[in-house]
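Chemist: kindly return the folded structure for what I paste below:
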Amino acid sequence: MRNQVTLKGKPKRLAVLDYGLFEVHAGPRTIGICGTLIETDVGEVVLIDTGFPQKYAVDADAATREDELGSFGRVLSVTPDNMPGPQLAKLGLRKSDVTLMIQSHTHIDHVGDMAGYPQAPILMSADERALPRPLYWSGKQALEWPDRDYHLIDKDITLGPDFEILHCPGHAPGQLAFMVRLPHTGWVLLTSDAISRASEIDEKFAGSWDVDQAIYHADRLMALAKERDALVIYGHGPEQWPDLKKAPDWFT
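Modeler: Numbering: from 1, shown residues only. Have a look, this model is predicted:
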């Protein structure tokens, strides 16, 4: 394992990947399952998160029973087209083009294809990698850690020019968020599940792994977004998701 990785280029463009739709029983609310692809001006390809495991595109009901996910919610739509390979293909890319993979955290809807990029190191929080297995959902179906070169962080870092990774434990022990600056859009804050939806701020992050830390980091993320006049893309924003630009379209 190493704990140092840097990008040589600046973010050139960013695409939101559509990994499907899920209904959370609480609310209820319909959420998009979100991944992100960032390409730099020297051709580096950074993939953040990989959605649900492939088995959900084969038989979502059977996978839900196997993982005991039904107590939380239900899959509305996870199709083969929502898997990382087809989503990357919309951008003219292949899984083998990914040069760095980042796990924002390791819940089931973010970690499904973590092992699918053998050529790419994995960057994630040291606190989460220290767990016996990825968080996933139920211990019954827990994933194993892929045999990879892991780059582990325990604080905010600058990954490369105009690309910051923000260490924001709260939702999960190793939750990460991201701030990138694009040539035309300017700063973009990718909150991931540090702020899954705008309303979570008023709801005080009930049910988080660590509520106090979740509140603290959400406050600092939103302050940073205001300071930089950043576009905020939430991890699972029900109001934002339907109209959010997604692959094959790019933010530039």
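Chemist: would you mind pulling the contact partners of stretch 69-87?
Modeler: With contact meaning Cβ atoms under 8 Å, 6 or more residues apart in numbering, stretch 69-87 is reached by 17-25, 28, 30, 33, 35, 37, 47, 50-52, 54, 56-57, 60, 63-64, 94-95, 108, 113, 116, 137-138, 247. Every residue, glycine included, has its C-beta placed from N, CA and C.
Chemist: out of those, list just those in strands.
Modeler: Within the contacts of stretch 69-87, residues falling in strands by DSSP state E are 17-24, 30, 33, 35, 37, 47.
Chemist: among the contacts of stretch 69-87, name the buried ones.
Modeler: Buried members of those, counted by 16 or more other Cβ atoms under 10 Å: 17-24, 30, 33, 35, 37, 47, 50-52, 54, 56-57, 60, 63-64, 95, 108, 113, 116, 137, 247.
Chemist: buried residues in stretch 65-80?
Modeler: Residues of stretch 65-80 classed as buried under the neighbour-count rule (16+ other Cβ under 10 Å) are 67, 69, 73, 75, 78.
Chemist: now tabulate those in CSV and tack on distance to Ile165.
Modeler: Converted to CSV, the buried residues of stretch 65-80 look like this (distance: Cβ to Cβ, whole Å):
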residue, distance to Ile165
Asp67, 29
Leu69, 28
Gly73, 28
Val75, 29
Val78, 27
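Chemist: quick one: low-confidence ranges for the stretch 51-200 of the chain?
Modeler: Scanning the stretch 51-200 of the chain for pLDDT under 70 picks out 140.
Chemist: let's see it at 80
Modeler: 138-142 (pLDDT under 80).
Chemist: picking that back up, turn the buried residues of stretch 65-80 into JSON lines, including secondary structure.
Modeler: Compiled in JSON lines, the buried residues of stretch 65-80 are given as follows (DSSP: H, G, I helix; E, B strand; the rest coil):
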{"residue": "Asp67", "secondary structure": "helix"}
{"residue": "Leu69", "secondary structure": "coil"}
{"residue": "Gly73", "secondary structure": "strand"}
{"residue": "Val75", "secondary structure": "strand"}
{"residue": "Val78", "secondary structure": "coil"}
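Chemist: find the nearest non-adjacent residue to Leu123, please.
Modeler: His151 (4.3 Å; Cβ to Cβ, 6 or more residues apart in numbering).
Chemist: that neighbour in helix, strand or coil?
Modeler: strand.
Chemist: how many neighbours does it have?
Modeler: Neighbour count of His151, defined by other Cβ atoms under 10 Å: 22.
Chemist: tell me if I'm right that it and Gln4 touch.
Modeler: Yes. With contacts counted by Cβ atoms under 8 Å, His151 reaches Gln4, the gap being 6.8 Å.
Chemist: list the contacts of Arg197.
Modeler: 29, 31, 234-240.
Chemist: now, those residues that are in strands?
Modeler: Judged by DSSP E, these include 29, 31, 234 as members of strands.
Chemist: any idea how far Phe163 is from the second one?
Modeler: Right, the one you point to is Ile31. For Ile31, the distance to Phe163 equals 26 Å [Cβ to Cβ, to the nearest Å].
Chemist: check the last one too.
Modeler: Distance of Tyr234 to Phe163, given as Cβ to Cβ: 19 Å.
Chemist: for those two, indicate the residue with more neighbours.
Modeler: Tyr234 (25 against 21).
Chemist: hey, what's that one bridged with?
Modeler: Note on Tyr234: beta-bridge partners Ser192, judged by DSSP bridges.
Chemist: could we number from 588 for the rest of this?
Modeler: Shifting the count to begin at 588 puts that one at Tyr821.
Chemist: tell me the pLDDT of it.
Modeler: On pLDDT, Tyr821 comes in at 98.
Chemist: kindly report the same for Val592.
Modeler: Model confidence at Val592 (pLDDT) stands at 88.
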